[in-house]
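Chemist: only geometry, no sequence info:
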């Protein structure tokens, strides 16, 4: 497998080499940093919902940070949908930072300055993009 030249995509590739399922790590961090989110998920069957939500989010992140072929538009749609659920916009946007922080911790010494810069830029851009959808 050739390494992606896109640092954000590369961070997910490196994470996949270390862990096949990011969901438990991402949601543990989300619930630790934002305990109010735990009640937003059903107690039964939530693993599927959380896994699906994370997979769609990763797909949208990769498109937003890459070609922007269309999948990234899901972010604006989901921001509006989460508004309807009563999820504060800041909390919706915080999920992207939780994913970044989870990857950074998992990658440890493989977290390069190039990856860090790409994620910092992405988080600013996603704040502007998703925040403007309000």
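Modeler: The structure has been received and is ready for your questions. Quantities reported herein were computed from a predicted structural model and do not represent experimental measurements. Numbers count the residues shown, from 1 in each chain.
Chemist: C-alpha only now, for contacts and for neighbours.
Modeler: Noted.
Chemist: and the helix or strand bottoming out on mean pLDDT in the chain, what's buried?
Modeler: When the helices and strands of the chain are scored by mean pLDDT, DSSP states H and E, helix 73-85 comes last with a mean of 86. Of all the residues in helix 73-85, those buried under the rule 16 or more other Cα atoms under 10 Å are 74-76, 79-80.
Chemist: tell me which of those residues is nearest to residue 40?
Modeler: Nearest to residue 40 out of those is residue 79 (Cα to Cα; 15.0 Å).
Chemist: after the least confident helix or strand of the chain, next one along is what?
Modeler: helix 89-107 (DSSP states H and E).
Chemist: tell me the mean pLDDT over that next one?
Modeler: Here helix 89-107 scores 95 as its mean pLDDT.
Chemist: in terms of secondary structure, what does that helix contact?
Modeler: Judged by 3 or more Cα pairs under 8 Å, 6 or more residues apart in numbering; DSSP states H and E, the packing partners of helix 89-107 are helix 7-18, helix 23-33, helix 73-85, helix 113-131.
Chemist: and the angle for the first one with helix 89-107?
Modeler: What that stands for is helix 7-18. If you take axes from the mean of the first three to the mean of the last three Cα atoms, to 10 degrees, helix 7-18 sits at 60 degrees to helix 89-107.
Chemist: can you tell me what sits against helix 7-18?
Modeler: 3-4, 62, 65, 103, 106-107, 110-111, 114-115, 118-119 (Cα atoms under 8 Å, 6 or more residues apart in numbering).
Chemist: for that helix, which positions count as buried?
Modeler: Buried residues in helix 7-18 (16+ other Cα under 10 Å): 7-12, 14-15.
Chemist: and if you look at the last one?
Modeler: Of the residues in helix 113-131, those buried by neighbour count under the rule 16+ other Cα under 10 Å are 115-116, 118-119, 122-123, 126-127, 130.
Chemist: likewise for stretch 100-107?
Modeler: 100, 102-104, 106-107.
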